[in-house]
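Visitor: compute the structure for the input listed below.
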Amino acid sequence: VFSLTDPMTGKTTGFDAGLAAMLAKYITGKPNVKLTQVQVASREVLLQNGAVDTVIATYTITTGRAKKVAFAGPYYSSGDAILVSKGNTAITKATDLDGKTVCTETASTAAGDIEQFAPSAKLVLFDTNAECVQAVEQGRADAYVLDQALLLGDVYREPDKVKVVGQPFTTE
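Guide: Residues are numbered from 1 along each chain as shown. Okay, the predicted model is just below:
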């Protein structure tokens, strides 16, 4: 898991949260940093208006994004993959998404990738990862496309409900 806030303790844990603490200690000498959960669609605005100093998250570096914010990476490479309900056998690769209802997160690069690899897919955008997983579980979406690492975390949390199929079909 890259980072999640534990609803019981309010503490954010995971790879990105640990990296933030490590960098804070290296830069300031103190491991304590204020962590703020951000949505995909709000990251750049929060950086630009000074609400946060850094964003340490799964955040694909693109030419357009690099014009808005300064990246200090990459520190991890992944690619878009496909999450489907556990019983789905019709979708195994990106081209199988054509004609299907496919969701991803608002402002993610996956939206453009879906349009490129499955131009006749019906694209549905949600603000959060949890909303996308729920849409697949409830049958409101046939598939969810995002970075494979994030989708594998979803499978870890819901192994009886969802699965990741195929291999990543992009490199990010």
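Visitor: tell me the buried residues in the longest helix along the chain?
Guide: Ordering each helix of the chain by length in residues (DSSP state H) puts helix 15-28 first. Neighbour-count burial for helix 15-28 flags Phe15, Asp16, Ala17, Leu19, Ala20, Ala21, Ala24 (criterion: 16 or more other Cβ atoms under 10 Å). Every C-beta, even on glycine, is put in place using the N, C-alpha and C of the backbone.
Visitor: export those residues as JSON lines, with columns for pLDDT and distance to Thr60.
Guide: Below are the buried residues of helix 15-28 laid out as JSON lines (pLDDT from 0 to 100; distance: Cβ to Cβ, whole Å):
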{"residue": "Phe15", "pLDDT": "80", "distance to Thr60": "16"}
{"residue": "Asp16", "pLDDT": "81", "distance to Thr60": "14"}
{"residue": "Ala17", "pLDDT": "81", "distance to Thr60": "19"}
{"residue": "Leu19", "pLDDT": "84", "distance to Thr60": "17"}
{"residue": "Ala20", "pLDDT": "83", "distance to Thr60": "19"}
{"residue": "Ala21", "pLDDT": "82", "distance to Thr60": "23"}
{"residue": "Ala24", "pLDDT": "83", "distance to Thr60": "24"}
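Visitor: need these in JSON lines (columns: distance to Glu137).
Guide: Converted to JSON lines, the buried residues of helix 15-28 look like this (distance: Cβ to Cβ, whole Å):
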{"residue": "Phe15", "distance to Glu137": "25"}
{"residue": "Asp16", "distance to Glu137": "25"}
{"residue": "Ala17", "distance to Glu137": "26"}
{"residue": "Leu19", "distance to Glu137": "30"}
{"residue": "Ala20", "distance to Glu137": "30"}
{"residue": "Ala21", "distance to Glu137": "32"}
{"residue": "Ala24", "distance to Glu137": "36"}
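Visitor: just the residues you listed now: which is nearest Thr89?
Guide: Phe15 (31.8 Å; Cβ to Cβ).
Visitor: what's the closest non-adjacent residue to Asp160?
Guide: Lys86 (6.4 Å; Cβ to Cβ, 6 or more residues apart in numbering).
Visitor: is it fair to say Leu146 lies in a strand?
Guide: Yes - assessed with DSSP: H, G, I helix; E, B strand; the rest coil, Leu146 lies in a strand.
Visitor: ok, the nearest residue to it once chain neighbours are set aside to Ala121 distance?
Guide: Nearest residue to Leu146, sequence neighbours excluded (Cβ to Cβ, 6+ apart): Ala110, at 5.1 Å. Per Cβ to Cβ, to the nearest Å, Ala110 is found 11 Å from Ala121.
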